[in-house]
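Q: The sequence isn't on hand, but the structure is:
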DNA sequence: TATCCCTACGATGTCG
DNA sequence: CGACATCGTAGG
């Protein structure tokens, strides 16, 4: 008797016999659905099918069946044969041949993660699966209902340590915390009294590990979320478990928990969605921060951080001394970390879920994606085309040698301006792609010719005006859907239950639409098209130039423009003027291109270049109607300047722009320089932080941050790519000292005054008529500077 | 197996 | 000293 079961799939695993799909049923039983009838296919030109047959004969592989589509033939195979054939027949110009089957299964089967799916088939017995039920499916179908409550369990480990960093060979895991909406537990193996009920004592590290695994399995989360856990907790767990010969039974199949390499070392828990959310936060959300520690990221995203005052040394002390109240505090610390991981995962979940739907990929995979992969999977899932293979390394290198012209930037005239109006294009590049049908296969089509298609004179190419390409179709869709959502959002109160959901959806659509253009010009792209990428920016320049010209015609004073935006002072400064400007422009623009009014500012300054003549591009400050500052490109928003200079620059701008009191600004500036001069400034304010973008030995320069990085390495810090060097400029021949080794009396006051403070403000004061001499003049009167 | 593009500024060190 | 190369980080 066939059984019918509805379930929410979360993960798939490919074996040579078929695909296991894992998930929970509606009453939260663990289920594995076995799809033995999945036959992956590849496509090739019909004239190459015989060649493929010969190769298959040699390999002893049979075609499952074939199917003609246009000029191409799809050939289906058994899973176990697929990779072998695809590899051996590479020279036959194959399509859809190098896409991971585990990921592709979802797309071929049209099943979405966390979406109710009907499975019909016979129950199977499979002792090696850790699930409540196994079904051999003859039929699978998506019922298109999303799972509405997703259970997220956050987790975090604490370990002892002998040095600055825990060593998994030497140092034990001392406690593990788990946190979800309705559950919290800290497991530890040193007893103390009194203790809170959520603290569970065990007798050894081995029992701790086993209890953790048991807890996860009993909690049955959809998502197991860590922060930085691919780098720390998971590898640590695996090493410590091995030491005690413990089998980590987290996976729903018989396999042991292991680390995979998918660009990045990551753990995958078979069955549920394990996510180290730091990947997504770093790669997709790309917070404006110079490092991605849990504390900093949580403060930015959740408005709260870790429990203060802990580090590896302190944790180690607490553990070895063993005072009850201290151990209790350590448990709190551990639990808060797990809670932060859980809340971060919860926060990004709506966007991730939307991306799961757009790419057809499970959460674990979406969490690891970059912009490139996001676009790639979006195309694989949604485009009605055959997928070409990834380019080979040589090809990628060759592509990377060419580059093309980008956006237009208007040089500003340095000065202070009042009543500034800002306009910008809504999604410029996506809307250009959609309106001009820019796609690799619509370029230079024979059906149109130069006169019939969308011509780009400057590049001597054209795009078909008869048949829509796959890129414009997908991008146009994204732009349109996003606009629809934004329209609804505009009429929705932020307190409305649907608001954050809609917000997440429009964000997800934006991420993909915005990355499409870059993906066309990306060397490792499957859909690389130098000419398409070039055409997009070329049209972008054409349209912004058209807008600048029209603004000029209307008598607007053009202050600045960058790629898709312009800042002007209008003639009469009325709403009607702005409105008619937009009307003129938008009647010229082809849909869905659109110029929008962005904001009006009370005032703003555009700075002169520090070296050479003229105005500096990408460096300005604006004052909103509410008297708050918007800064672009300035030192105050750069990560590689001292807090002292950054703060001072902001304060000076606030005084000069909002309070319009240059004398007060000058007095304030002098006060700060004097403080620096008398060695009174805190080192934390003087530290300069710079991130290494490459391995230390590959530097061809002795720049201060490289010198400092070498000092850090000598002290045993893990100086790798991405390492954040914190140093202070000092007097004496070495010039540089690590922040941690510096004393207040050692800092080089002259450097901080000349190269940090003055350099951060002199171009601003200049606009207000205060030259460099005047800024320095005040200093000479004080204690013989 | 890593996986988005170009434009721009400015700091610093080195060389002639 | 200026020209230039190297490097990091920003804007869009």
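A: That came through fine. Note that the structure is a prediction, hence the values are computed from the model and not measured.
Q: Now residue A:186: which helix or strand?
A: Assignment of secondary structure by DSSP states H and E places residue A:186 within strand A:183-188.
Q: Show me which residues of the stretch 551-700 of chain A are close to DNA strand B?
A: By the rule CB under 7 Å from any atom of the strand, the part of the stretch 551-700 of chain A lying against DNA strand B is A:607, A:609-611, A:616-619, A:633. From N, CA and C alone the C-beta is placed, and that goes for glycine too.
Q: Which entry within the residues you listed corresponds to the minimum pLDDT?
A: Among those, residue A:611 carries the lowest pLDDT, at 86.
Q: that older thread, of the residues of the stretch 551-700 of chain A next to DNA strand B, which is the nearest to residue A:93?
A: residue A:618 (44.5 Å; CB to CB).
Q: Can you verify my assumption that that closest one contacts residue A:561?
A: No - between residue A:618 and residue A:561 there is no contact under CB atoms under 8 Å: 11.3 Å.
Q: The two: which is more packed in?
A: When neighbours are counted by other CB atoms under 10 Å, residue A:618 and residue A:561 differ, and residue A:561 comes out ahead with 25 against 11.
Q: Reduced to three states, what does that one come out as?
A: Remark: residue A:561 carries the secondary structure label strand [criterion: DSSP: H, G, I helix; E, B strand; the rest coil].
Q: Repeat that for residue A:619.
A: When states are read from three-state DSSP, the local structure at residue A:619 comes out as strand.
Q: Please name the nearest non-neighbouring residue to it.
A: Setting aside the residues directly before and after it, residue A:619 is nearest to residue A:633 in space (CB to CB, 6 or more residues apart in numbering), at 4.1 Å.
Q: Now do the same for the most centrally placed residue in chain A: helix, strand or coil?
A: The centroid of chain A falls nearest to residue A:284 when counting by CA atoms, centre = their mean (1.5 Å). Three-state assignment for residue A:284 (three-state DSSP): helix.
Q: Show the model's pLDDT score for the nearest residue to residue A:65 once chain neighbours are set aside.
A: Excluding the flanking residues, the one nearest residue A:65 by CB to CB, 6+ apart is residue A:76, at 5.2 Å. What the model reports for residue A:76 is a pLDDT of 97.
Q: Which helix or which strand is home to residue A:573?
A: Per DSSP H and E, there is no helix or strand for residue A:573.
Q: so what's the backbone phi/psi at the nearest residue to residue A:447 once chain neighbours are set aside?
A: Leaving aside its chain neighbours, residue A:447 sits nearest to residue A:466 (5.7 Å; criterion: CB to CB, 6+ apart). Reported as degrees, to the nearest 10, the phi and psi values for residue A:466 are phi -110, psi -40.
Q: Please apply the same query to residue A:490.
A: Dihedral angles phi and psi of residue A:490 (degrees, to the nearest 10) take the values phi -60, psi -30.
Q: burial measure for it, as a count.
A: Residues contacting residue A:490 under the criterion other CB under 10 Å number 7.
Q: Please apply the same query to the one 5 residues further on.
A: Using other CB under 10 Å, residue A:495 is surrounded by 6 other residues.
Q: Could you do the one 10 residues further on as well?
A: For residue A:505, the number of neighbouring residues by other CB under 10 Å comes to 25.
Q: Residue A:509 now?
A: Number of residues near residue A:509 (other CB under 10 Å) recorded here: 25.
Q: roughly how far out does the one helix or strand it maps to sit from the chain middle?
A: Taking DSSP H and E as the criterion, the element that holds residue A:509 is helix A:499-520. Distance of helix A:499-520 from its chain centroid, counting by CA atoms, centre = their mean, to the nearest Å, is 12 Å.
Q: Touching it from outside, list them.
A: By CB atoms under 8 Å, 6 or more residues apart in numbering, the surrounding residues in contact with helix A:499-520 are A:284, A:350-351, A:353-355, A:358, A:371-372, A:374-376, A:378, A:427, A:429-430, A:433, A:438, A:440, A:471, A:474-475, A:478-479, A:481-482, A:485-486, A:488-489, A:492-493, A:525, A:527-529, A:532-533, A:536.
Q: Doesn't residue A:705 lie inside a helix?
A: Yes - according to three-state DSSP, residue A:705 belongs to a helix.
Q: Who's the closest spatial neighbour of it, skipping the chain neighbours?
A: Excluding its sequence neighbours, the residue lying closest to residue A:705 (CB to CB, 6+ apart) is residue A:690, at 3.9 Å.
Q: do residue A:265 as well
A: What sits nearest to residue A:265 in space, not counting adjacent residues and going by CB to CB, 6+ apart, is residue A:259, at 5.2 Å.
Q: List the contacts of that neighbour.
A: For residue A:259, the contacting residues are A:230, A:234-235, A:238, A:265-267, taking CB under 8 Å, 6+ apart as the criterion.
Q: what's next to the host helix or strand of residue A:21, contact-wise?
A: Secondary-structure assignment from DSSP H and E places residue A:21 in strand A:19-25. Strand A:19-25 is contacted from outside by A:5-14, A:30-35, A:38, A:79, A:101-102, A:105, A:111, A:117, A:129, A:131, A:133, A:140, A:220, A:222, A:252-253, A:270-272, using CB under 8 Å, 6+ apart.
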